[in-house]
Structures are given as C-alpha cells and as structure tokens.
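A.B. asks: sequence and predicted structure are below.
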Amino acid sequence: MNHFDFSVIAQAWPFLLDGLVFSLKLTAVGFLGGLLLGIGLALVRHLEVPVASQLASAYITLIRSVPLIMVLFWFFFLMPLVLMWMTGASRPVQIGPVWTAFVTFTLFEAAYYAEIIRAGFKSMAKGQYGACKALGMSTWQTYRLIILPQVLRVVSPILLTQTIILFQDTSLVYVLSVTDLLGAASKIAQRDGRLVEMYLAVAVIYMVLSSLTSQLVAILKNRYAVPGRR
C-alpha cells in the first residue's frame with residue numbers, strides 16, 4: 001500500500017465529477033425517454049393493436065436478445081449509412097458519440113421498461129377495466145386516469161432496479177471515447193500511471209450510488225407490496 005497515492009483522487013475529483021454528471025445525465029435521459037417509449041410499446045402490445053403489436057413485439061425481442069454494446073456499435077456505425085441513404089447525401093451523416101449514447105440508451109431501455117409495464121397491466125384486476133367501461137370512459141381515459149397510474153406505482157421498484165442497471169451500463173459508452181465517469185478515470189489513470197487508485201475510486205462511487213438506490217427500491221417494495229406477500 002506504500003506505493004499507492006490516494007491523494008490523486010482528490011486532485012482528479014473535478015474531472016471525475018464532470019464524468020459522473022454526464023453518466024447521471026445519460027441515466028436520466030435513458031430513464032425518461034425509455035419510460036415514455038416503453039409505455040407506448042406496452043400499450044400497443046397490451047391492447048393488441050393490429051400490425052403495430054407485432055412490430056413492437058419484434059422490436060422488444062430483438063433489443064432484449066443482443067448486448068447493449070452491440071446496439072451502441074450498430075447505431076454508431078450503421079445509422080450514418082442509413083441516414084445517408086434516406087437523405088440522399090454524398091457521404092455518411094455523422095451523429096457523434098454523445099448523441100449515439102443518448103439515443104441508444106433510450107431505445108435500449110424502452111424494450112425492458114415495456115415488458116415491466118406490460119406485466120403491470122396484466123396484474124390489474126379485470127373488474128377495473130369493466131368498471132371504467134360501465135362509467136362510459138374511453139380507452140384513453142381508462143388507461144391515462146385509472147390503469148396507468150396504478151401500474152407505475154406497482155412496478156416502481158422494478159423500474160428503479162432496471163434504472164440502477166442502466167446507471168451501471170453507462171460505463172459502456174467508454175468504447176465510444178465519451179468521457180463518462182469511467183472514461184474520465186481511465187484517462188487520468190493512463191496519464192498519471194495511477195490505474196489502481198482511479199479504478200478503485202470509480203468502483204466506490206458506483207457502489208455507493210447503486211447501494212443507496214437499492215435501499216430506495218427496498219422501501220418501495222415494502223410500501224407497495226401486496227398484503228400477505230411481503
């Protein structure tokens with residue numbers, strides 16, 4: 001331990017903080033965007049909308065069958081070619097690593113959130129749907145005012161657990177040379193030759209934030225648990 005100099009962590013903290021802020025921003029965008037898109041996909045599948053439900057099912061199956069890092073590479077390398085073909089440009093339309101990260105995480109997480117929410121829809125008592133229909137409520141009103149708020153409340157612990165995984169997965173954007181928390185630590189570690197100190201600091205940050213959020217998950221589980229199943 002005499003060879004370790006943990007004072008470099010304090011010196012590098014401003015740079016690490018910038019990387020952490022980006023990781024948190026990516027987590028927030030992936031969560032909000034993925035949740036909104038996931039709700040739409042879940043509704044389409046739950047209502048069995050013709051054609052759209054099959055497309056949504058295929059999309060969810062595809063995304064859930066491949067690693068996130070592969071989706072990052074697909075979007076980063078293939079989407080410029082697709083945009084070039086769609087726009088008729090003479091060269092690939094560059095998106096950039098940052099936009100690639102935000103869009104990819106949103107699209108990827110949407111598939112997982114959609115399945116969580118769809119399970120929530122199935123857990124609702126059929127009598128609630130019948131009661132809404134008896135009151136003359138439209139399908140939109142039924143889901144927006146009655147069903148969806150209950151579903152989001154019930155599945156909130158699972159959604160939060162998936163978001164913890166999302167936060168941990170943000171480290172994968174390092175392969176795109178984006179300066180997230182891990183990317184910032186890696187650059188400092190290679191520059192100063194302090195790999196152990198930097199990677200240990202990153203591990204502690206991930207552990208603390210994930211542990212605190214896991215405690216919140218436990219609280220939500222106890223609060224919204226079905227009586228007799230705690």
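C.D. replies: Thanks, I have it.
A.B. asks: looking at this structure, which helix is longest?
C.D. replies: helix 7-46 (DSSP state H).
A.B. asks: what's it packed up against?
C.D. replies: If contacts are counted by 3 or more C-beta pairs under 8 Å, 6 or more residues apart in numbering; DSSP states H and E, helix 7-46 sits against helix 52-64, helix 97-123, helix 148-169, helix 181-192, helix 195-224. C-betas here are computed from N, CA, C, even on glycine.
A.B. asks: which one, of the ones you listed, ends up nearest to residue 6?
C.D. replies: Residue 6 lies closest to helix 195-224 among the helices and strands packed on helix 7-46, at 5.6 Å (C-beta to C-beta).
A.B. asks: so for the closest one, mean pLDDT?
C.D. replies: Helix 195-224 carries an average pLDDT of 86.
A.B. asks: what comes up buried for it?
C.D. replies: 197, 198, 201, 202, 205, 206, 209, 217, 220 (16 or more other C-beta atoms under 10 Å).
A.B. asks: what does stretch 68-85 give?
C.D. replies: Of the residues in stretch 68-85, those with enough neighbours to count as buried (16+ other C-beta under 10 Å) are 68, 71, 72, 75, 76, 79, 80.
A.B. asks: secondary structure for the residues you listed - can I get that in TSV?
C.D. replies: Shown next, in TSV, are the buried residues of stretch 68-85 (DSSP: H, G, I helix; E, B strand; the rest coil):
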residue	secondary structure
68	helix
71	helix
72	helix
75	helix
76	helix
79	helix
80	helix
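A.B. asks: farthest-separated two in those residues?
C.D. replies: Greatest spatial distance among these (C-beta to C-beta): 68 and 80, at 19.5 Å.
A.B. asks: picking that back up, buried ones in the longest helix of the chain?
C.D. replies: Result for helix 7-46 [16+ other C-beta under 10 Å]: buried residues 8-9, 12, 16, 19-20, 22-23, 26-27, 29-31, 33-35, 37-39, 41-46.
A.B. asks: next up, the contacts around residue 104.
C.D. replies: Residue 104 makes contact with 68, 71, 72, 75, 76 under the criterion C-beta atoms under 8 Å, 6 or more residues apart in numbering.
A.B. asks: I'd like those written out as JSON lines, with pLDDT added.
C.D. replies: As requested, those are exported to JSON lines (pLDDT from 0 to 100):
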{"residue": "68", "pLDDT": "93"}
{"residue": "71", "pLDDT": "91"}
{"residue": "72", "pLDDT": "92"}
{"residue": "75", "pLDDT": "90"}
{"residue": "76", "pLDDT": "90"}
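A.B. asks: returning to what we had before: between the buried residues of helix 195-224, which is closest to residue 90?
C.D. replies: Nearest to residue 90 among the buried residues of helix 195-224, with distances taken as C-beta to C-beta, is residue 202, at 42.0 Å.
A.B. asks: ok, how many other residues are close to residue 114?
C.D. replies: A count of nearby residues for residue 114, using other C-beta atoms under 10 Å, gives 28.
A.B. asks: hmm, it is touching residue 57, no?
C.D. replies: No - using C-beta atoms under 8 Å as the test, residue 114 is too far from residue 57 to be in contact (9.7 Å).
A.B. asks: what do those two both touch?
C.D. replies: In contact with both residue 114 and residue 57: residue 45, using C-beta under 8 Å, 6+ apart.
A.B. asks: for the chain, which residues score under the pLDDT cut-off?
C.D. replies: Applying pLDDT under 70 to the chain picks out residues 1-3, 224-230.
A.B. asks: Provide a list of residues in contact with residue 195.
C.D. replies: Neighbour list for residue 195: residue 189 [criterion: C-beta under 8 Å, 6+ apart].
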